[in-house]
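Colleague: below is the sequence, then the predicted model.
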Amino acid sequence: MQDHVRSVLTTGLGLLVAAATATVAAEEVTVQNDSFVSGGFINPVGNFVAGEHAGVRLTSPCDGAIVAVQVGWFATEPGQLPSLERAIHIYEGDTFPGPGTPLEELVGPLMTPGFINEFRYLDDTKLFPLSVAVTSGQQFYVTLEFDNDTDIGNGGPSVFSDIDGCQAGSNVLFAIPGGWLDFCRLIPGDLVIRAVVDCGNASCEWDCGDDDGMVGIIDFLSLLAQWGAAGTSCDVDGGGVGITDLLALLANWGACP
């Protein structure tokens, strides 16, 4: 990575959450390290090269499921186009700064400057909702893998941090060369990368299609669309979506407990 400490202090006027869906359950909790609020000062961070990661280590507040991830994306020059990046990754967080086992991957996130971009699905067709089971106190990583070099010195978009201090053990960089590093050595605050945990989801694992509090037709169709796939939202037993999952879903049909 080139010139990791280059930054431009600016104000995030009107920075909003661009959500992948408009539905937000009452049990959802946004988990974050950063203190950024819309209109506050931000610190655009660069410059990255393709294949590098910027990420955070978060802690689940409950037994539940990660149902969305959010990544702040900002450019100091107006008129910057959305950027298609390589992936957003979710990893086990027992170790630092190197993540543990991969838990989920969202391929090809489209990052729009001036927004905290939110992603709730693994695919553009919205058949595969993000759902990663977590337990209370469990640590996990959310990282953005770049597919484009960033150039914040010339107004290009990138991730950003707050400016009130970087919390130990909470921000990571995968550098080329260098590998996984403690990003607090290079930035003045916490990256604005967050997760949304549904704290009401743990007791209703078969609500795997739309997280609406009901096991119903959308969940049934989502399971069929995922047939044979492993690690998807309806693969509760981890053995690949199949007849066992289908029978269990039908047995739990109706309102969630």
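Modeller: Sure, I can see it.

Colleague: how many neighbours does Gly55 have?
Modeller: Burial of Gly55 is recorded as 27 neighbouring residues (other Cβ atoms under 10 Å). Glycine gets a C-beta too; all of them are placed from N, C-alpha and C.

Colleague: quick one, what contacts it?
Modeller: 89, 99, 141-144, 171-174, 191, 193 (Cβ atoms under 8 Å, 6 or more residues apart in numbering).

Colleague: make it 10 Å
Modeller: Contact analysis of Gly55 by Cβ atoms under 10 Å, 6 or more residues apart in numbering lists 71, 88-91, 97, 99, 141-145, 159, 170-174, 180, 183, 191, 193.

Colleague: filter those residues down to the ones in strands?
Modeller: Judged by DSSP state E, the contacts of Gly55 include 71, 88-91, 141-145, 171-174, 180, 193 as members of strands.

Colleague: how about the helices in the stretch 151-257 of the chain?
Modeller: Ranges of helices in the stretch 151-257 of the chain, per DSSP state H, counting those that start in this stretch, are 217-225, 243-251.

Colleague: relative to Phe128, how far out is Ser221?
Modeller: Just to correct that, residue 221 is Leu rather than Ser. Using Cβ to Cβ, to the nearest Å, Leu221 is found at 12 Å from Phe128.

Colleague: of the two, which one has the most company?
Modeller: Higher neighbour count among Leu221 and Phe128: Phe128, with 20 against 13, using other Cβ under 10 Å.

Colleague: wouldn't the more buried one be in contact with Phe119 here?
Modeller: No. If you go by Cβ atoms under 10 Å, Phe128 and Phe119 don't touch, sitting 11.6 Å apart.

Colleague: shared neighbours of the two, which are they?
Modeller: Leu106.

Colleague: just give the number of residues close to Val37.
Modeller: Neighbours of Val37 (other Cβ under 10 Å): 9.

Colleague: please apply the same query to Thr101.
Modeller: 8.

Colleague: so which of the helices of the stretch 151-257 of the chain is the most surrounded?
Modeller: Comparing the helices of the stretch 151-257 of the chain by mean neighbour count (mean count of other Cβ atoms under 10 Å), helix 217-225 ranks first with a mean of 18.

Colleague: ok, back up a step: which neighbours do Leu221 and Phe128 have in common?
Modeller: Here Leu221 and Phe128 have Gly209 as joint contacts, going by Cβ under 10 Å, 6+ apart.

Colleague: coming back round to it: dump the helices of the stretch 151-257 of the chain to CSV, plus distance to Ala75 and mean pLDDT.
Modeller: Formatted as CSV, those follow (distance: least, Cβ to Cβ, whole Å; pLDDT from 0 to 100):
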stretch, distance to Ala75, mean pLDDT
helix 217-225, 36, 93
helix 243-251, 43, 91
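
Colleague: neighbours around Val107, how many?
Modeller: Look at Val107: counted by other Cβ under 10 Å, it has 13 neighbours.

Colleague: that'll do, ta.
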